[in-house]
Every structure is written in structure tokens, then in C-alpha cells.
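K.L.:
sequence plus predicted model, see below.
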Amino acid sequence: TMLKAIKQEVTVLPNGVVPFRSPELIAGSRVEVIVLFKETSPPPPRKRSLLSFMGKGKGAFATPEL
């Protein structure tokens, strides 16, 4: 038997559901599904001002005044 391929770009739905439909697919047929996706990079760290670090370290003062 000859293998055929169908390529579609789809948007992943909530809970990882991938909608895929094709009129070439016959109900009850066994198929192999391979999902290719680009790994997304984590968002860059949020920039914090120097004042946000005041009083956070051990032995640090909560305010700039002595």
C-alpha cells in the first residue's frame, strides 16, 4: 500500500486539542499523526527598578535613609 500525507497548519485549542479534518480520511481508518511545533521561548524577565530591590536582601534597609 502507498502512504499519503496531508499537511495542514492549525491552531491548538484549549487543553492541547488539535483540530484536524480532511475529506480524504475515511471514518474508521487507522492513521498515524505526527505533530510538529516550534518551541516557544519563555518571555523575557520583567524589568525591575533598583528601588524594588530595597529591603529585600538579608540585613538590608527598607528605605535609603540610614
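P.N.:
On my side now, so go ahead.

K.L.:
how much space between residue 30 and residue 7?
P.N.:
According to Cβ to Cβ, to the nearest Å, residue 30 and residue 7 sit 19 Å apart. Every C-beta, even on glycine, is put in place using the N, C-alpha and C of the backbone.

K.L.:
where in the protein is pLDDT low?
P.N.:
Counting by pLDDT under 70, the chain contains low-confidence residues at 54-55, 58-66.

K.L.:
so for it, the centremost residue is which one?
P.N.:
residue 40 (5.4 Å; Cα atoms, centre = their mean).

K.L.:
which SS class is that residue?
P.N.:
Put simply, residue 40 is coil when judged by DSSP: H, G, I helix; E, B strand; the rest coil.

K.L.:
can you report how many residues lie near residue 50?
P.N.:
Residue 50 is flanked by 7 other residues according to other Cβ atoms under 10 Å.

K.L.:
how about it, phi and psi?
P.N.:
Dihedral pair for residue 50: phi -60, psi -30, per degrees, to the nearest 10.

K.L.:
tell me how far it lies from residue 43.
P.N.:
For residue 50, the distance to residue 43 - Cβ to Cβ - is 22 Å.

K.L.:
ok, now residue 22?
P.N.:
35 Å.

K.L.:
now residue 10
P.N.:
Residue 10 is 24 Å from residue 43, by Cβ to Cβ.

K.L.:
cool, and residue 15?
P.N.:
From residue 15 over to residue 43 (counting by Cβ to Cβ), the distance is 22 Å.

K.L.:
stretch 27-44: end-to-end distance?
P.N.:
45 Å (Cα to Cα, to the nearest Å).

K.L.:
sweet, I'm off.
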